[in-house]
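1. What would the 3D arrangement of this be:
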Amino acid sequence: MPDLTTAQPGDRLILVHEARNMPDTDVTVSRVGRRYLYVAYSNGLEARGKYDRTTGRGADDHALYSAVYTPEQLADRTEGEHLRRELRDRGLTVDPNRNLTTAVLRRLLAVLLDT
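-> Have a look, this model is predicted:
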């Protein structure tokens, strides 16, 4: 889960639309409040919606099915999804609601590959 409590205006993030068939979008932090942050597109226009600083999840109707991540967090999330698919293909189903780190998923896969 992203932790964006240290995000500052001008920081680069990636906006991921999870419920739509839309590509990921590079954005920058435009404003930071106590609980929410706001992002702007590359053309300078601020995106509709606000994002929770602790989870990165959209916090209103305009951002309901989207989230923002740092590039590192998105790479880690993508690798975690890939590892979960690999584990599932090898017969081990990992509950997606469990917050297992990518390092733990790598170790699980390594154990399965050694046997």
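
2. Could you report the neighbour count for Val29?
-> Look at Val29: counted by other CB atoms under 10 Å, it has 20 neighbours. (C-beta placed from N, C-alpha, C; glycine too.)

3. Quick check: phi and psi at it.
-> Phi and psi for Val29, reported as degrees, to the nearest 10, are phi -70, psi 130.

4. and it, what does it touch?
-> Val29 is in contact with 7-11, 13, 37-40, counting by CB atoms under 8 Å, 6 or more residues apart in numbering.

5. Now, of these, which are buried?
-> Among those, those classed as buried by 16 or more other CB atoms under 10 Å are 7, 11, 13, 37-40.

6. End to end on stretch 29-45, go ahead and measure it.
-> In stretch 29-45, first residue to last residue: 11 Å (CA to CA, to the nearest Å).

7. ignore the last one, stretch 45-65
-> End-to-end distance (CA to CA), stretch 45-65: 20 Å.

8. Going by neighbour count, which residues of it are buried?
-> For stretch 45-65, burial by neighbour count (16+ other CB under 10 Å) applies to 47, 49-53, 56-59, 63.

9. Which strands or helices does the longest helix belonging to the chain pack on?
-> Secondary structure of the chain per DSSP state H: the longest helix is helix 71-89. The contact analysis (3 or more CB pairs under 8 Å, 6 or more residues apart in numbering; DSSP states H and E) places helix 71-89 against strand 12-17, helix 102-114.

10. how far off strand 12-17 does it point, in degrees?
-> Counting by axes from the mean of the first three to the mean of the last three CA atoms, to 10 degrees, helix 71-89 lies at 40 degrees to strand 12-17.

11. any chance of the contacts of Val29 in CSV, plus pLDDT and distance to Tyr69?
-> Output for these, formatted as CSV (pLDDT from 0 to 100; distance: CB to CB, whole Å):
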residue, pLDDT, distance to Tyr69
Ala7, 92, 11
Gln8, 93, 16
Pro9, 95, 17
Gly10, 95, 17
Asp11, 95, 11
Leu13, 96, 6
Leu37, 95, 12
Tyr38, 96, 16
Val39, 96, 11
Ala40, 96, 16
